[in-house]
Each structure stands twice: as C-alpha cells, then as structure tokens.
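A.B. asks: sequence and predicted structure, then a few things I'm wondering about:
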Amino acid sequence: MARTKNIMNTNLVDINYDVRLDSKGKDPDGYSLTLNKYHEKLWNKQLSNGQLFNVETAIDDYDKKYILKYHSDTQEIILSSDIIVTTYTSGWSNKPISREVIPYIQNDIKEVFDYYAHTIGAFIVFPKRKNNGNSINQDRGVNDKIYDRFDLTLECIRLHYLELDNPLADTLRRYDFYFKIFGDFRTFCSFYLLDDLVSKNYSEIKFFLPFSGFEDYPLPKSISEYNLFMKNGIKFIRQRNNRILKWLS
C-alpha cells in the first residue's frame, strides 16, 4: 500500500495521496486543501454542451471549511466535497454493523480499505445545503434506505434523471438545477468519471452488494457481506483512480 509523503502539490493529482494527511485529524472534505485542489483540477472541464464547468476552491465564511464555487453566466452554486465509499469502520455506533461486523474484521484489512477510501477516487462534489432542506450529502447519510452507500445514491440519481420515484426523490428534485447542468445520467457519470460503477449502456448500477430493491437493508449484515462490500468498493476506487490518471494524461 503506497502512501505519498505529506507534501501538497496542487498542480498535479496524485491518485495515491491519502487526503487525511493534510486535514489535521478533521474531515478531509472540509479541511484538506489538497483534496479540494484536486477537485478543482479534475472538474474544471468542458460539458457536453460545450460550456465550461468552472469551479474554484474557496473558504466558507460561515464554518471556515473548504468549498468549491461553480460559476456560469446565469448562476453560482456552492459545492462541497463528499466521500463516496464509506467504510463504516467508525461513526456508526448506533447500527448493528458496528457491533456485529466491524470488530471482527482484521485491523490491517480495515486500514487498507480506509486508505483507499481516502484517495481521490473515493470523492465527488455535491451542492451544499440549500435554504431549509438538507443537502444531498446529508440526506443520503441519514436515509435508512441508503445509509451513505454511493452505489445506492447513484441508483437514485439514475432514477431521478428518468423522473422515477426513489428514496432521495425529494432531495434530488430540490437540487434539480444542479443535475440539469449535465443534461442526462450518462453525461453525469462520464463527467465525474463514474463509468466503472455503471453498465456499458448506463442503464444499471454495479452494486457493491446484491440488490433487489430499496427494501433491502443497505448495510452489510455479516462478515462475508462486508468482505464483498469492501472488495467491490476497493475495486471501484482503484478503477476510478486509474480512470482519473488516464483522463489527466
């Protein structure tokens, strides 16, 4: 497992860099300048309609966290980084996974998963909280059909583009102005280099665990389920990191 030194290079994107290294023990989404500069580097590019998706790193005046500002001729959207492969190794003490699964996973294996989940391939940007409603990031974390799983979140986004009901429907509709920037689900996935989490025709999600509907309990219920979830999560992160590297080159 290769880790880079704690040296920030904002001109490049190091797919092996652990973004916890410069967040000083805080949430990298809001406190890693490296991570936010990586977002700025990756997502400043042309949309399918020829317009530039223009983002720049800034500091939120309210909570002093790093944010990203999207500018166009007609609107400005405040974005924030969001980890998209949650390992559930901490912060889920009120869920069975923290008592019945995580304690029985070897520490070195958990460390490997946590490492990959803190490389750039495990992050995306979403709009920050708008008016009185929760943000996408907040709602997907507390929704008991999703519990922070990004594969399930992406399925909700796919259904949103099809105007079909899903567990995050109200939240995604509130941020429809953001999804309209990309036009359709295929473009959204391609823009954020998520192609390895969808089928070739973008009609299906490659779920981290077998999926038969949103009535399934979303968190791994056993050691074997967690191992499968972890295997598929690491596989996706590595694929996306390689896709990022290929795009940059």
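C.D. replies: On my side now, so go ahead. Numbering: from 1, shown residues only.
A.B. asks: what's the pLDDT at the spatially most central residue of the chain?
C.D. replies: Centroid-nearest residue in the chain: I84, 2.7 Å away (criterion: Cα atoms, centre = their mean). You'll see I84 listed with a pLDDT of 94.
A.B. asks: same check, this time on S48
C.D. replies: Each residue has a pLDDT score; the one for S48 is 80.
A.B. asks: so who does F126 touch?
C.D. replies: 79-80, 82, 135-137, 175, 178 (Cβ atoms under 8 Å, 6 or more residues apart in numbering). (C-beta placed from N, C-alpha, C; glycine too.)
A.B. asks: highest neighbour count among those residues?
C.D. replies: Highest neighbour count within the contacts of F126, by other Cβ atoms under 10 Å: I136, with 26 neighbours.
A.B. asks: CA atoms of stretch 124-143 as PDB?
C.D. replies: The C-alpha coordinates for stretch 124-143 follow below in PDB (Å, rounded to 0.1, in the frame of the first residue of the first chain):
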ATOM      1  CA  ILE A 124     -17.100  13.700  -5.600                       C
ATOM      2  CA  VAL A 125     -18.700  17.100  -5.200                       C
ATOM      3  CA  PHE A 126     -22.300  17.900  -4.500                       C
ATOM      4  CA  PRO A 127     -24.100  21.200  -3.800                       C
ATOM      5  CA  LYS A 128     -24.000  22.400  -0.200                       C
ATOM      6  CA  ARG A 129     -27.200  22.800   1.800                       C
ATOM      7  CA  LYS A 130     -29.800  25.000   0.100                       C
ATOM      8  CA  ASN A 131     -32.300  27.000   2.100                       C
ATOM      9  CA  ASN A 132     -34.000  25.000   4.800                       C
ATOM     10  CA  GLY A 133     -33.600  21.500   3.400                       C
ATOM     11  CA  ASN A 134     -30.700  19.100   3.900                       C
ATOM     12  CA  SER A 135     -28.000  18.700   1.300                       C
ATOM     13  CA  ILE A 136     -27.700  15.600  -0.900                       C
ATOM     14  CA  ASN A 137     -24.700  14.600   1.300                       C
ATOM     15  CA  GLN A 138     -26.700  14.900   4.500                       C
ATOM     16  CA  ASP A 139     -29.800  13.100   3.300                       C
ATOM     17  CA  ARG A 140     -28.000  10.200   1.800                       C
ATOM     18  CA  GLY A 141     -26.200   9.700   5.100                       C
ATOM     19  CA  VAL A 142     -29.400   9.600   7.300                       C
ATOM     20  CA  ASN A 143     -31.800   7.900   4.800                       C
END
